[in-house]
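Novice: Sequence and computational prediction follow.
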Amino acid sequence: MAGKILVLGANGTIGSKVVRALIAAGETVKAASRKATPVEGAEAVAFDYQDAATFGPALNGVDRIFVLTPGGYLDPVGLLGPIVTAAAARGIKIVLMTVIGVDADDKIPYRQLELLVEKTGAPFVILRPNWFSDNFQTYWIEGIRHGAIAVPAAEGKTSFIDTRDIAECAAAALTSDAFNGRAYNLTGPEALSYDEAAAILSRVTGKAIAYAPVDDDTFVGILTGAGVPADYARFLASIFYPVREGWVAKPTGDVKTMTGHEPRSVETYAKDNIAALKG
């Protein structure tokens, strides 16, 4: 493959790791962000999902694209449909990241985005990661600082995935045609309750962290109190329903299929990110 790879959200949690993995593999990368933030080893390019004038310059010279929905948006088709359509019109291969479980119902907005990509006729790979281990140092870090993870997961288990593994799967999908036309459910190696995850974080960091199960309304209140818009907070609460039902517990072998290695455990994640978790 001779063309460049465009990575959207290149300065985000996932995108930044995808860029690094591709550069390490010797690929020529265009790193897209709203302000064309410089990225070592890549060509920085300005890109805004909601400004079609940025699409052409970003897509020039590109034959593969990594697409993901930025946090805070409830209409992925409205936001990403235009860039997906523009990329497909140029015959660009699309690697799309959505969320595990969206194939349960074609009415789910992320599933509608997947179907849009499939219908374009462009080569594609869909990646559906489980909940990130890294959420403990982002979404849940304030709670961890106060010694408690307060989420509406009840006793439900999750096979948390390290974002480094997601990035390596994305890089594999972008640098090989072996995975084209399929969707992969990306998980960590084991199903853990939040109680079990909290115990691992406590052991690794040396500070007491407990799991405090809450109901949806309490959770929404915590998030809105931290500045999250109410509609997005309600959406985040709703996606704990599959956790409570046990639908995101079962580990898959898809990370190993794509990368050749077993996925990283929550314990490995915690040891490698101990500074952020203790922060």
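Specialist: All right, it came through fine.
Novice: Take the helix or strand residue 218 falls within, keep the C-alpha atoms, and write them as PDB.
Specialist: Per DSSP states H and E, residue 218 falls inside helix 216-225. As requested, the backbone C-alpha atoms of helix 216-225 are provided in PDB (Å, rounded to 0.1, in the frame of the first residue of the first chain):
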ATOM      1  CA  ASP A 216     -28.700   5.700  37.000                       C
ATOM      2  CA  ASP A 217     -30.000   9.000  38.400                       C
ATOM      3  CA  THR A 218     -27.200   9.300  41.000                       C
ATOM      4  CA  PHE A 219     -24.700   8.600  38.200                       C
ATOM      5  CA  VAL A 220     -26.200  11.200  36.000                       C
ATOM      6  CA  GLY A 221     -26.000  13.700  38.900                       C
ATOM      7  CA  ILE A 222     -22.400  12.900  39.400                       C
ATOM      8  CA  LEU A 223     -21.600  13.500  35.700                       C
ATOM      9  CA  THR A 224     -23.600  16.600  35.300                       C
ATOM     10  CA  GLY A 225     -22.000  17.900  38.500                       C
END
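Novice: Would you tell me what the next helix or strand after that helix is?
Specialist: Next along from helix 216-225, by DSSP H and E: helix 230-238.
Novice: in that next one, what counts as buried?
Specialist: Neighbour-count burial for helix 230-238 flags 232, 233, 234, 235, 236, 237 (criterion: 16 or more other Cβ atoms under 10 Å). Backbone N, C-alpha and C define where each C-beta goes, glycine included.
Novice: again, but for stretch 155-174
Specialist: Neighbour-count burial for stretch 155-174 [16+ other Cβ under 10 Å]: 156-174.
Novice: Equivalent analysis for stretch 264-279, please.
Specialist: With burial defined by 16+ other Cβ under 10 Å, the residues of stretch 264-279 counted as buried are 264, 265, 266, 267, 268, 269, 270, 273, 277.
Novice: Using PDB, write out every CA atom in that stretch.
Specialist: Extracted C-alpha coordinates of stretch 264-279, given in PDB (Å, rounded to 0.1, in the frame of the first residue of the first chain):
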ATOM      1  CA  ARG A 264      -3.200  -6.700  28.200                       C
ATOM      2  CA  SER A 265      -4.900  -7.300  31.500                       C
ATOM      3  CA  VAL A 266      -6.300  -4.600  33.800                       C
ATOM      4  CA  GLU A 267      -3.400  -5.300  36.100                       C
ATOM      5  CA  THR A 268      -0.800  -4.700  33.300                       C
ATOM      6  CA  TYR A 269      -2.700  -1.500  32.400                       C
ATOM      7  CA  ALA A 270      -2.600  -0.300  36.000                       C
ATOM      8  CA  LYS A 271       1.100  -1.000  36.500                       C
ATOM      9  CA  ASP A 272       1.900   0.800  33.300                       C
ATOM     10  CA  ASN A 273      -0.300   3.800  34.200                       C
ATOM     11  CA  ILE A 274       0.400   4.000  37.900                       C
ATOM     12  CA  ALA A 275       1.400   7.700  37.800                       C
ATOM     13  CA  ALA A 276      -1.900   8.700  36.200                       C
ATOM     14  CA  LEU A 277      -3.900   6.600  38.600                       C
ATOM     15  CA  LYS A 278      -2.100   7.900  41.700                       C
ATOM     16  CA  GLY A 279      -2.400  11.500  40.400                       C
END
